[in-house]
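**Student:** below are the sequence and a predicted model for it; my questions follow.
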Amino acid sequence: MSTPLVSLRSVSYFYPKSDCAALLNVSLDLAAGEIVGLTGATGSGKSTLCLALNGTVPQFFGGRFFGEILVAGEDTLNQPIHHHAARVALVLQDPGSQLIAASLEQEIAFALENLQVPPPEIAVRVSEALAQVGLAELRKKHPHDLSGGQQQRLALAAAFAVRPRLMVLDEPTSQLDPQSAAEVFSLVRTFNQRFGIAFLIAGHAPEEMAEVVDRLIVLADGRVVADAPAHRVYTDLTLLQRHAVRPPEVTTTFAHLAGRGLARPPFPIHLADGMERLRRLPPPRAFAPPEMVTEPSTVPILALDGVSYRYADGTEALRDLTLSIHRRDYLAVLGQNGAGKSTMIRHFLNLLQPTRGEVRIDGVPLATYSAPELAQRVGYVPQNPDRQLFNASVEAEIGFSLQLLRLTPEEHERRVSGVLADLGLLALRKRHPFSLSRGDRARVVIAAVLALEPEILVFDEPTTGQDEAGARAILDLTRRLNEEGRTVIVVTHHLALLPGYARRVVLLREGRLILDTTLRDAFHAVASLESTHLKPTQAVALARSVDPVLRAITPQELARCFDGSASLPASSS
Amino acid sequence: MTPAPPSTDLPTGHPRAIVFHGSASIAGAPVAYVIVLAAVVAVLSFIPFSVALSAGSSFPMAQGVYSLTGWLLGPWAGVAASGVGALIGIFLAPHTAGIPWVTVGGAASGALFAGVITSRRTHRWLTTVLIGVVVLEVFLFYHHAVVRNGVRPGVFVAAYLTHLIAIVGFILPSRRWVGGLIASPDLRRVALGLFLGTWMAASLMMFGESLAGYLVLNWPDELFLFFAGIIPVEQAARCGIGAVVGTGVIAGLRSMSLVKPRDARY
């Protein structure tokens, strides 16, 4: 048997001042040219394991380390990080945190220069890497002028250019639109096949991961709880549920079909296999789900009237956008990276003023509201909660914005205590926000926004980086707030999570509104979705593969379309 | 399904010593740390704190943190950070620079002296050499001022009493006691250690600078009398800056749990 590329032997790691193991007795091998997935709940140790593979953990962080990690036979603790970085390239969860240069081409060249690659070769690799990730035309732009998705592609390009033997991607697609995510996974396959680069991909994107990884490792509380071929792990639904890992929708669909006696394990994990097996079932019956419709009030609570916006560099981010959002709407805003979603949200907050057109709240132009007045009308929860946390305790964080309102001490305390209790944060009120888990930090930011008692709540990618349980918890909270009377606007790429929450979908492309309809219609507007780099969910793709007018949007609905009394064809399993 | 390997709540691997191997380091301190502290020194050079009549210029706030770089980075990396920072500072803030080469040398020496104020038995040769240099400075200064130029001995001692006490403290085991205070987990003791340590290191630095300035300017007897009043005040300001800034920085660094430079004293 050949020597593994990476070998972990009884690796345990404790961060400084922590008695809780981030990794505990982890033993595994990664072979050259292998593509391995790494999944698990938030806080299970995925990022720590990624950082350990080039020695960043523990060399940079300190702490206590046990066991050994060998990369190509060399102990990661015996060599500097940069020595391992030439063989193990790391792409972090937040691409913006690892971009340092003044242009895209300089960003990619930076690591190559440090590795003393000859200048002509650097030029070739920079051009190739930019072309591979579709950023060649932006090579002179500043990396921080890119959208989040473009930044992630740039970080990937910079890592690809090094030609490492192993690429470690920590949630590489969490900020990408589905089509861009698919392109990234396609790139993974291409670079794996062309250059023999091995990949370790950590994340929560089961549909994409299942298509590309050969093997899947599940971590829980720093331990390896499963390490097997991907089809065996993704079809062990009991294990996945126990560890807050979502299986691919195609697998879930067949699990529901099995519950109706129409499928037997092993369930498919690839969409193509699922479509093939679904076609062998008896034809589905008609499906007419009840549609949840918002009752529009006479005056929209938030209205954009012919809004256009042009950035200083000439980019037309919004083009003649007209949209009415009514009280108690639950609206999902979809669109590819760079479609104008963030620009639109900034108009809601008066952070940007339209080049043309007008934004109104309750019929009153936004410009007439003062900042404190606007904060009480529109609350904004950013994608990355850490960028909004700067106080020394949870209660100080929540109380900070309230100071602007000049409330009485009693009212101030009532609001702080109220949202703390409401969001289950009372026990954490004295804690430093950065000592909390990511899920709890997100709840602190939401609590700080809710304390202002805004009528409209805008959530920017609220489920990014969250495991299944964390994402559901946040979306359940948004639904509850909506049911209590607030208007909820969610910007997201995660279509699979929207059923059961959003009722209305707005689709943007290149700053234009191209679709404004119900969630169900939007999910089946495949051409429109694909034109904005979105993909229909696997449940929708499966439904349309057996009947183009079958309007199911979730695995449960799809399974219900098939007659449970029909006998199970032998070939269906 | 491949069964999960047997697991316990205790690590089964052998414990490992963690060493920072980054080659981009100066005497065990990452270059990034050195650059950051050099930048801090350069920025603090902009802020005049008092008038130093001997050089016809003002004394910058940076003088309170030269020694801090020695405790944060160790003596040699501290020399690099303070020296580079002061060098940048004399170009960007010449109004606080005094005699430029004296300023840069003084900044570097402040970090060097501080770097050996430690409870650890380390850098023994360097410590011995520095004690020898200080004793030589005292001899040279006294000889030049009192023996050659006829400054009254009492006036000389009164002018530099603050520094001379600190020099004695540096030579005696009190140096290691102050180093122990700086390494204490109790921030109040850290603040006390930084105050006393800054007194020692800044006094050693300023005594050397004064000697260099005196050799250049050869100021009159009357100015020594003026120093007797102003040096304790300026020194108290340096110690205050060192204690306040240093305690905050050390508290922050400890809470961030970044890897310490090899010769860090906190």
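**Tutor:** Happy to help now that I have it. Being a predicted model, the structure only gives us computed values, none of them experimental.
**Student:** alongside chain B, which residues does the stretch 151-300 of chain A contribute?
**Tutor:** A:223-228, A:232-233, A:236, A:239 (CB under 8 Å from any CB of the partner chain). C-beta here means a position set from N, CA and C on the backbone, and glycine is covered the same way.
**Student:** let's have those residues in CSV, adding secondary structure.
**Tutor:** Shown next, in CSV, are these (DSSP: H, G, I helix; E, B strand; the rest coil):
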residue, secondary structure
A:Arg223, strand
A:Val224, strand
A:Val225, strand
A:Ala226, strand
A:Asp227, strand
A:Ala228, strand
A:Arg232, helix
A:Val233, helix
A:Asp236, coil
A:Leu239, helix
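**Student:** hey, C-alpha coordinates of the helix or strand where A:Leu154 lies in PDB?
**Tutor:** Secondary structure assignment for A:Leu154, by DSSP states H and E: helix A:148-161. Presented in PDB, the C-alpha positions along helix A:148-161 are these (Å, rounded to 0.1, in the frame of the first residue of the first chain):
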ATOM      1  CA  GLY A 148     -18.400  37.700  -1.700                       C
ATOM      2  CA  GLY A 149     -18.800  35.000  -4.300                       C
ATOM      3  CA  GLN A 150     -16.100  36.500  -6.600                       C
ATOM      4  CA  GLN A 151     -13.800  36.800  -3.600                       C
ATOM      5  CA  GLN A 152     -14.200  33.100  -2.900                       C
ATOM      6  CA  ARG A 153     -13.400  32.300  -6.500                       C
ATOM      7  CA  LEU A 154     -10.300  34.500  -6.300                       C
ATOM      8  CA  ALA A 155      -9.200  32.800  -3.100                       C
ATOM      9  CA  LEU A 156      -9.600  29.500  -4.900                       C
ATOM     10  CA  ALA A 157      -7.700  30.700  -7.900                       C
ATOM     11  CA  ALA A 158      -4.800  31.800  -5.600                       C
ATOM     12  CA  ALA A 159      -4.700  28.400  -4.000                       C
ATOM     13  CA  PHE A 160      -5.000  26.600  -7.300                       C
ATOM     14  CA  ALA A 161      -2.100  28.600  -8.700                       C
END
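**Student:** what mean pLDDT does that helix get?
**Tutor:** Average pLDDT, helix A:148-161: 84.
**Student:** name the helices or strands packed onto it?
**Tutor:** With contacts defined as 3 or more CB pairs under 8 Å, 6 or more residues apart in numbering or on different chains; DSSP states H and E, helix A:148-161 has these neighbours: strand A:88-91, helix A:104-114, helix A:119-132, strand A:166-170, helix A:178-195.
**Student:** need the ones you listed in CSV (columns: mean pLDDT).
**Tutor:** Output for the helices and strands packed on helix A:148-161, formatted as CSV (pLDDT from 0 to 100):
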stretch, mean pLDDT
strand A:88-91, 91
helix A:104-114, 93
helix A:119-132, 93
strand A:166-170, 94
helix A:178-195, 83
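**Student:** now the two most distant members of the residues of the stretch 151-300 of chain A next to chain B.
**Tutor:** Spanning the widest gap among these are A:Arg223 and A:Arg232, at 18.4 Å by CB to CB.
**Student:** these two - which one has more neighbours?
**Tutor:** A count of neighbours by other CB atoms under 10 Å in any protein chain shown puts A:Arg223 above the other of A:Arg223 and A:Arg232, at 21 against 16.
**Student:** right, and the more buried one touches A:Ser27 too?
**Tutor:** No: contact status for A:Arg223 versus A:Ser27: not in contact, 10.4 Å apart, counting by CB atoms under 8 Å.
**Student:** quick one: which of the residues of the stretch 151-300 of chain A next to chain B is nearest to A:Phe287?
**Tutor:** Within these, proximity to A:Phe287 (CB to CB) peaks at A:Asp236, which comes in at 29.4 Å.
**Student:** now that closest one: how far from A:Leu130?
**Tutor:** Using CB to CB, to the nearest Å, A:Asp236 is found at 40 Å from A:Leu130.
**Student:** try A:Leu166
**Tutor:** Applying CB to CB, the value for A:Leu166 to A:Leu130 is 22 Å.
**Student:** which pLDDT value goes with residue 63?
**Tutor:** Went with chain A since none was named. Note for A:Gly63: predicted pLDDT of 86.
**Student:** meant chain B actually
**Tutor:** B:Gln63 is assigned 89 on the pLDDT scale.
**Student:** what does A:Leu389 give?
**Tutor:** 84.
**Student:** now do the contacts for the residue of the stretch 301-450 of chain A found nearest chain B.
**Tutor:** Nearest to chain B, among the residues of the stretch 301-450 of chain A, is A:His432, at 9.1 Å (CB to the nearest CB). When contacts are counted by CB atoms under 8 Å, 6 or more residues apart in numbering or on different chains, A:His432 touches A:392-394.
**Student:** filter the residues you listed to the buried ones?
**Tutor:** Neighbour-count burial (16 or more other CB atoms under 10 Å in any protein chain shown) applied to the contacts of A:His432 gives A:393-394.
**Student:** which of the contacts of A:His432 fall within helices?
**Tutor:** A:Val394 (DSSP state H).
**Student:** center of chain B - which residue?
**Tutor:** B:Ser67 (1.6 Å; CA atoms, centre = their mean).
**Student:** whatever helix or strand that residue lives in - contacts with which helices or strands?
**Tutor:** If you go by DSSP H and E, B:Ser67 is part of helix B:66-73. With contacts defined as 3+ CB pairs under 8 Å, 6+ apart, helix B:66-73 has these neighbours: helix B:31-44, helix B:75-92, helix B:100-115, helix B:187-217, helix B:221-256.
**Student:** contacts only, for the closest residue to A:Arg165 other than its chain neighbours.
**Tutor:** Counting by CB to CB, 6 or more residues apart in numbering or on different chains, A:Arg87 is the residue found nearest to A:Arg165 once chain neighbours are left out, at 4.8 Å. By CB under 8 Å, 6+ apart, the residues touching A:Arg87 are A:54, A:71-72, A:164-166.
**Student:** redo that, cut-off 7 Å
**Tutor:** A:71-72, A:164-166 (CB atoms under 7 Å, 6 or more residues apart in numbering or on different chains).
**Student:** tell me the residues of chain A that contact chain B?
**Tutor:** Contacts of chain A with chain B, taken as CB under 7 Å from any CB of the partner chain, map to A:9-12, A:16-17, A:24-25, A:27, A:58-62, A:64-68, A:77, A:79-81, A:223-228, A:232, A:236.
**Student:** strands - which of those residues land there?
**Tutor:** Using DSSP state E, the subset of these located in strands is A:9-12, A:24-25, A:27, A:64-68, A:223-228.
**Student:** of all the helices and strands packed on helix B:66-73, which one is nearest chain A?
**Tutor:** helix B:221-256 (8.7 Å).
**Student:** the closest one close to chain A?
**Tutor:** No: if you take CB under 7 Å from any CB as the test, helix B:221-256 misses chain A, and the best it gets is 8.7 Å.
**Student:** for the record, mean pLDDT for that helix?
**Tutor:** On average, helix B:221-256 scores 88.
**Student:** pull out the buried residues from that helix.
**Tutor:** By 16+ other CB under 10 Å, the buried positions in helix B:221-256 come out as B:224, B:227-228, B:231, B:234-235, B:237-239, B:241-243, B:245-247, B:249-250, B:254.
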